[in-house]
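Participant: Could you work out the structure for the sequence below:
(chains A and B)
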Amino acid sequence: AQSVSQHNHHVILSEAASLELGCNYSYGGTVNLFWYVQYPGQHLQLLLKYFSGDPLVKGIKGFEAEFIKSKFSFNLRKPSVQWSDTAEYFCARKPNDYKLSFGAGTTVTVRA
Amino acid sequence: NAGVTQTPKFQVLKTGQSMTLQCAQDMNHEYMSWYRQDPGMGLRLIHYSVGAGITDQGEVPNGYNVSRSTTEDFPLRLLSAAPSQTSVYFCASSDGANTGELFFGEGSRLTVL
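Facilitator: A predicted model of the protein is given here:
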C-alpha cells in the first residue's frame, strides 16, 4: 500500500527560526505530492504541490518543498517562521487514482 | 463561492444513535470523499465517490455508509454510533482530472458518548 510518513510529531521553535519538516513516501506509482496546512480551528488548505519538473516547489506564505527522488522525500521548509505559522502540517501523496494518502501530521508551535 | 459546505459543525450523540453528516460542493467536482481526523493518525479515508451513482470504500469504512445521488451532495451516515467514531470529519472534493488538489470543508466535530 502507498504510504506517507512524517518524521516529527511536534516541533516547537521561536519566531525567525528556520523550519524543516520531513516527509517520505513509499516507492511505486505516480509521485504527486502535496503539503497541506491546518490552522487552529480551520480546515485544511493547500500549501504547495509537486507533480513534475523543477524539484524545488514554492508555495504560499513563503513555504517551499524539495522533491528528492533518490531519497523518496518531499521536505517542507521555511527560512524564517512567524507566530502565525503555528498550525498542523500534513504531507500527502496522490498515487494513480483520485485518492490522497496523508501522513500523520506535524504540529508546529511558534513561540513569539 | 461557497466551495465545500459541511453540516453540522458540532454534534453529540449517544451510543447506538444514527445520524447523517451533510456535504455539498458547488464546484462541479466529480470526486468527493470523507476523511476522519484523529490525533497522531492524520487523515484517514472513509469513503469516496468518483461521480454520481458511484461510491467506494476507503481505509476505514466500517460503521459508515455513503451515497451519491447528485454531483453536488455526498452525505455520510453513521448507522449506529460508537464511541470509537468520536472524531473530526472532513469532506473534500476534487476535479480529479489534473491536479488532484482536494478542497476541504470546515469539518464536523462528532462526540459519541
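
Participant: what residue is smack in the middle of the chain?
Facilitator: Picked chain A for this. Note on chain A: the residue nearest the mean C-alpha position is residue A:35, at 3.7 Å, using CA atoms, centre = their mean.

Participant: Wait, chain B was what I had in mind.
Facilitator: By CA atoms, centre = their mean, chain B has its centre lying nearest to residue B:34, at 2.9 Å.

Participant: Contact partners for the nearest residue to that one once chain neighbours are set aside?
Facilitator: Nearest-residue entry for residue B:34: residue B:46, 4.4 Å, with adjacent residues in sequence omitted and distances by CB to CB, 6 or more residues apart in numbering or on different chains. (Glycine included, C-beta is placed from N, CA and C.) By CB atoms under 8 Å, 6 or more residues apart in numbering or on different chains, the contact list for residue B:46 reads B:33, B:34, B:35, B:36, B:58, B:59, B:60, B:61, B:64, B:66, B:76, B:89.

Participant: Check these for burial and list the buried ones.
Facilitator: B:33, B:34, B:35, B:36, B:58, B:60, B:61, B:64, B:66, B:76, B:89 (16 or more other CB atoms under 10 Å in any protein chain shown).

Participant: What ranges in chain A fall below the confidence cut-off?
Facilitator: The model of chain A has pLDDT under 70 over residues A:1-2, A:96-98.

Participant: Give me every residue in chain A lying close to chain B.
Facilitator: A:6, A:9, A:32, A:34, A:36, A:42-46, A:49, A:51, A:90, A:94, A:98-105 (CB under 8 Å from any CB of the partner chain).

Participant: what's the distance between the residue nearest to residue B:34 and chain A?
Facilitator: Residue B:46 is 11 Å from chain A, where distance means CB to the nearest CB, to the nearest Å.

Participant: picking up where we left off before, can you tell me which residues contact the residue nearest to the centre of chain A?
Facilitator: A:23, A:46-49, A:59, A:63, A:65, A:74, A:76, A:89-92.

Participant: By neighbours, which of those residues wins?
Facilitator: When neighbours are counted by other CB atoms under 10 Å in any protein chain shown, residue A:91 leads the contacts of residue A:35 with 30 neighbours.

Participant: can you map out the strands along chain A?
Facilitator: Remark: strands assigned in chain A by DSSP state E are A:4-6, A:10-14, A:19-21, A:23-25, A:32-38, A:44-50, A:56-58, A:64-68, A:73-78, A:87-94, A:101-102, A:106-111.

Participant: Mean neighbour count, these: which tops it?
Facilitator: strand A:87-94 (a mean of 24; mean count of other CB atoms under 10 Å in any protein chain shown).

Participant: Whichever strand or helix holds the residue nearest to the centre of chain B pairs with which strands, and in what direction?
Facilitator: Using DSSP states H and E, residue B:34 falls within strand B:31-38. Its sheet considered, strand B:31-38 pairs with strand B:42-51 (antiparallel), strand B:87-94 (antiparallel) by DSSP bridges.
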